[in-house]
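In: From the sequence below, what's the structure:
(one chain, ligands or ions: 1)
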Amino acid sequence: MKRLFSGVKPTGDLHLGNYLGAIRQWINLQDDYEPIFCIVDYHSITSQYNPKKLPDFVFKCACNYLAAGLDPEKSLITVQSKIPEHTELTWILNCITPVSWLERVPTFKEKAAKQSGNVNMGLLDYPALMTADIILYKAEAVPVGEDQLPHIELAREIVRKFNGVFGQLFPEPKGIIGKVGRIKGLDGADKMGKSLNNCIFLYETKDQIWTKLSKAVTDPARIRKSDPGDPEVCNIYALHKLLSDTETQYEVANGCRTASIGCVDCKRRLNDSLDSEIAPIREKYLELLTKKEYVGSILSEGSRKAAEIAAGTMDQVRDLIGFSYEFLE
Ligand code: TRP
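Out: Predicted coordinates for the structure are as follows:
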């Protein structure tokens, strides 16, 4: 079976956009690959963060993923900094990666503009660390959001360079992009995101979600309930397509076009569909939050097993790059 790797930044709580856009696909991929899902704390320190909060974020991140259905029997769930080979391999890749390749990465330019007072080396080097993450396990499949594709492309270039300079060792990784595309927030405009205040968190209750949903933007041309609307321009309908059964989808789309149901009813039905999918995740999440030892043991065990694979790869890398000093013990 091919190995799959993906990284998750521990930035606190997950929202519906993360779930629909990424995690839900990962759950299904677990059967077709040997997956490693890594909580990438070395990546998260490239932007300003609070060291006191980091442990809690890492823990909650693990709880969220387990609650959503990552199965520790099928997947290794790891913490990046527990496996120092990630940074060791990064240094080696740094020495074959031209600075100009890193400078042209779109996410670097965006981040550098956003945090102009903190354009640190780590920010520039972020894609080299990401390459190391993937190839340390010789992973071939990398499920990511579309915004990450330039990083995967760069990883492929770095792999070609390494194999060309030192000898064939690493397979070229491929990105796996979900079919869902970009999940818009409740404002119907921007991508759903924590910082934009337009998201539904996975831990929220049905009532809390209703407070948000009831204010969510629908087809802007539909002002009165008696106006027929266009479901294809309505973000609530876009969410129905991801969460409701086909019968409900048909009923709300038809009801909207003929003005026989209003936006409030349409939203109520979405809230029902949403609740049946995420209520079990919420319950599991709340339960896991109280099981520090259990969650910790999954992360320790996952990291330990991954470290064995990483150590094997690093032995091969050190041999290839000339770090094989037989005169040392
Ligand atoms: N950069 C990714 C993101 O922001 C996270 C990440 C780090 C990653 N290392 C990775 C994703 C390796 C895939 C593979 O989402």
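In: Point me to the residue of the stretch 201-329 of the chain nearest the ligand.
Out: Nearest residue of the stretch 201-329 of the chain to the ligand: Ala306, at 12.8 Å (C-beta to the nearest ligand atom). No exception for glycine: its C-beta is placed from N, CA and C like everyone else's.
In: can you list the residues of the protein near the ligand?
Out: Applying C-beta under 6 Å from any ligand atom, one finds that the chain approaches the ligand through Phe5, Ser6, Gly7, Lys9, Val40, His43, Met130, Asp133, Ile134, Val142, Val144, Gln148.
In: Check the burial of the last one by counting its neighbours.
Out: Right, the one you point to is Gln148. A count of nearby residues for Gln148, using other C-beta atoms under 10 Å, gives 19.
In: Just to check, it is in contact with Gly175?
Out: Yes - the pair Gln148 / Gly175 is scored as a contact, 6.9 Å apart, by C-beta atoms under 8 Å.
In: Count the residues that sit near Pro150.
Out: 16.
In: is it true that it touches Pro106?
Out: Yes - if you go by C-beta under 8 Å, Pro150 and Pro106 touch, sitting 5.6 Å apart.
In: show me the contacts for Tyr294.
Out: Contact analysis of Tyr294 by C-beta atoms under 8 Å, 6 or more residues apart in numbering lists Leu288.
In: Roughly how far does it sit from Asp319?
Out: The gap separating Tyr294 from Asp319 is 39 Å, by C-beta to C-beta, to the nearest Å.
In: hmm, back to that, next step: the residues of the chain next to the ligand restricted to strands.
Out: When these are checked against strands (DSSP state E), the matches are Phe5, Ser6, Gly7, Val142.
In: As a markdown table, the residues you listed with pLDDT and neighbour count would be great.
Out: A markdown table is the format used below for these (pLDDT from 0 to 100; neighbours: other C-beta atoms under 10 Å):
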| residue | pLDDT | neighbour count |
| --- | --- | --- |
| Phe5 | 98 | 27 |
| Ser6 | 96 | 24 |
| Gly7 | 94 | 21 |
| Val142 | 97 | 23 |
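In: Tell me where this structure has helices.
Out: 16-18, 24-29, 41-44, 54-68, 85-94, 99-103, 106-114, 121-135, 149-166, 206-213, 235-243, 246-257, 263-289, 292-320 (DSSP state H).
In: Could I get the ones you listed in TSV, plus columns for mean pLDDT?
Out: Formatted as TSV, the helices of the chain follow (pLDDT from 0 to 100):
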stretch	mean pLDDT
helix 16-18	92
helix 24-29	92
helix 41-44	97
helix 54-68	96
helix 85-94	98
helix 99-103	98
helix 106-114	95
helix 121-135	98
helix 149-166	98
helix 206-213	97
helix 235-243	96
helix 246-257	97
helix 263-289	97
helix 292-320	98
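In: could you dump these to CSV with distance to Ile200?
Out: Listed next are the helices of the chain as CSV, based on distance: least, C-beta to C-beta, whole Å:
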stretch, distance to Ile200
helix 16-18, 4
helix 24-29, 14
helix 41-44, 23
helix 54-68, 14
helix 85-94, 33
helix 99-103, 35
helix 106-114, 24
helix 121-135, 28
helix 149-166, 26
helix 206-213, 5
helix 235-243, 9
helix 246-257, 18
helix 263-289, 8
helix 292-320, 24
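In: for those helices, which one sits closest to Lys184?
Out: Evaluated over the helices of the chain, closeness to Lys184 peaks at helix 235-243, with 5.0 Å, by C-beta to C-beta.
In: Who are the packing partners of that closest one?
Out: Helix 235-243 sits against helix 246-257, helix 263-289, with contacts defined as 3 or more C-beta pairs under 8 Å, 6 or more residues apart in numbering; DSSP states H and E.
In: Output these in CSV; the columns should cover mean neighbour count and distance to Asp227.
Out: Output for the helices and strands packed on helix 235-243, formatted as CSV (neighbours: other C-beta atoms under 10 Å; distance: least, C-beta to C-beta, whole Å):
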stretch, mean neighbour count, distance to Asp227
helix 246-257, 16, 10
helix 263-289, 17, 10
